[in-house]
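[1] A structural model of the following input is requested.
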Amino acid sequence: MEPLLGVKIGCLFALLVLTLICGLIPICFKWFQLDAATGRHRRVLSLLGCTSAGVFLGAGFMHMTADALEGIESEIQKFMMQNRTRREGSVSDDADSAQMEYPYGELIISLGFFFVFLLESLALQCYPGAPEGVTVQEEWDGAHVLGLHSHGPLPSPSKGPLRALVLLLSLSFHSVFEGLAVGLQPTVAATVQLCLAVLAHKGLIVFGVGLRLVQIGTGSRWATLSILSLALMSPLGLVLGLAVTQGDSKGGRGLTQAVLEGVAAGTFLYVTFLEILPRELAGPEAPLAKWGCVAAGFAFMAIIALWA
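    Numbering: from 1, shown residues only. Next comes the predicted model:
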């Protein structure tokens, strides 16, 4: 076995094992269940949730959005370069410059944001009583798959499966692309460096996902299945990267991949700003401590972005 191939296989198992461990910790230990917590225990869990919210915020801006913008800009530049080889004259050059200045990446990310916004608006249109306290709760127990439950006049925290599903899908897209990037590295040093950068932030993100699933009342079986599915995404991307490097194709980022990552970034930002942050900051207690935890989570992801 070639050394590079052996290192990539090791990275594959490292990504799988770390994701499973970090994601299952909040699910397997009852200490992380917010409903059963009181007093100091509840405050600690609240601050831990704020830290995970900061991690999600940092992941959305410093990793997912940054990667999407970089990929989309790179693909547009390639497209423009190909067009310039076919055309001549100052008029066409001016047209290319105008097209390059248009924020295509930001547009695609915004489309992802508005796509989830549309889905939730359609759900509210179909269930007009939802603002009065009707939420959709998903349970995974063989017999019950989806049900509507009415709460009191004050809405309880969102237990709808839509935002949890969007969070998992957007992270799954991003995880596939991260694994793909690791699988495409040409040297052992570059593979190890990128894998360590991915591991450094992926552990916290997946822990935050597990904590989020527990806090919104997701059943343990469904939560475990969700973490398992998410854990398989980076190894899947790495395998795809290995297949590309072993074949005749070049390891460049395609336009389809860049667009998908942009849409995933937009959906992730939607869930972060309209679900995770509002929920964690809703309580009036210890606002400065919550701010500090959110800032600490974001700062960690910003530092990790130096090596990612």
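
[2] pLDDT below threshold where in the protein?
    Under the criterion of pLDDT under 70, the regions of the chain flagged as low confidence span 1, 33-38, 86-100, 127-163, 245-254, 308.

[3] list the buried ones in stretch 263-275?
    Residues of stretch 263-275 classed as buried under the neighbour-count rule (16 or more other Cβ atoms under 10 Å) are 263-272, 274-275. For the C-beta atoms, the positions are set from N, CA and C on the backbone; glycine is no exception.

[4] mind listing which of those are in helices?
    263-271 (DSSP state H).

[5] where along the stretch 51-200 of the chain do the helices fall?
    With DSSP state H, counting those that start in this stretch applied, the stretch 51-200 of the chain shows helices at 66-84, 90-101, 104-126, 161-183, 188-215, listed in chain order.

[6] Of these, which stretch is the most buried?
    Across the helices of the stretch 51-200 of the chain, the average number of neighbours (mean count of other Cβ atoms under 10 Å) peaks for helix 161-183, which reaches a mean of 23.

[7] Let me know the angle separating that helix from helix 66-84.
    The directions of helix 161-183 and helix 66-84 differ by 60 degrees, with axes from the mean of the first three to the mean of the last three Cα atoms, to 10 degrees as the criterion.

[8] In terms of secondary structure, what does helix 161-183 contact?
    With contacts defined as 3 or more Cβ pairs under 8 Å, 6 or more residues apart in numbering; DSSP states H and E, the packing partners of helix 161-183 are helix 3-28, helix 104-126, strand 134-138, helix 188-215, helix 220-246, helix 255-271.

[9] Of all those, which one is nearest residue 45?
    Shortest separation from residue 45 across the helices and strands packed on helix 161-183 is recorded for helix 188-215, at 8.1 Å, computed as Cβ to Cβ.

[10] helices and strands around that closest one, which ones?
    Using 3+ Cβ pairs under 8 Å, 6+ apart, the elements in contact with helix 188-215 are helix 3-28, helix 39-58, helix 161-183, helix 220-246, helix 287-304.

[11] My understanding was that residue 110 contacts residue 266; is that so?
    Yes. Here residue 110 lies in contact with residue 266, judged by Cβ atoms under 8 Å, at a distance of 6.1 Å.

[12] contacting residues for residue 172?
    By Cβ atoms under 8 Å, 6 or more residues apart in numbering, residue 172 lies in contact with 229-230, 233.

[13] again, only this time at 10 Å
    Under the criterion of Cβ atoms under 10 Å, 6 or more residues apart in numbering, the contact list for residue 172 reads 226, 229-230, 232-234, 236-237, 264.

[14] now it: how far from residue 226?
    Residue 172 sits 10 Å away from residue 226 when distances are taken as Cβ to Cβ, to the nearest Å.

[15] that older thread, what's the overlap in contacts for residue 110 and residue 266?
    Residues within reach of residue 110 and of residue 266 at once, by Cβ under 10 Å, 6+ apart: there are none.

[16] For residue 168, which non-adjacent residue is closest in space?
    Nearest non-adjacent residue to residue 168, counting by Cβ to Cβ, 6 or more residues apart in numbering: residue 226, 5.6 Å away.

[17] Compute the number of surrounding residues for that neighbour.
    Neighbour count of residue 226, defined by other Cβ atoms under 10 Å: 22.

[18] Hmm, residue 216 and it touching each other?
    No. Proximity of residue 226 to residue 216 does not meet the contact threshold set by Cβ atoms under 10 Å, at 11.5 Å.

[19] Now for the two: what residues contact both?
    Common contacts of residue 226 and residue 216 (Cβ under 10 Å, 6+ apart): residue 164.

[20] circling back to that earlier point, to residue 195, which of the helices and strands packed on helix 188-215 lies closest?
    helix 3-28 (4.2 Å).

[21] just checking, what packs against the closest one?
    Judged by 3 or more Cβ pairs under 10 Å, 6 or more residues apart in numbering; DSSP states H and E, helix 3-28 is in contact with helix 39-58, helix 161-183, helix 188-215, helix 220-246.
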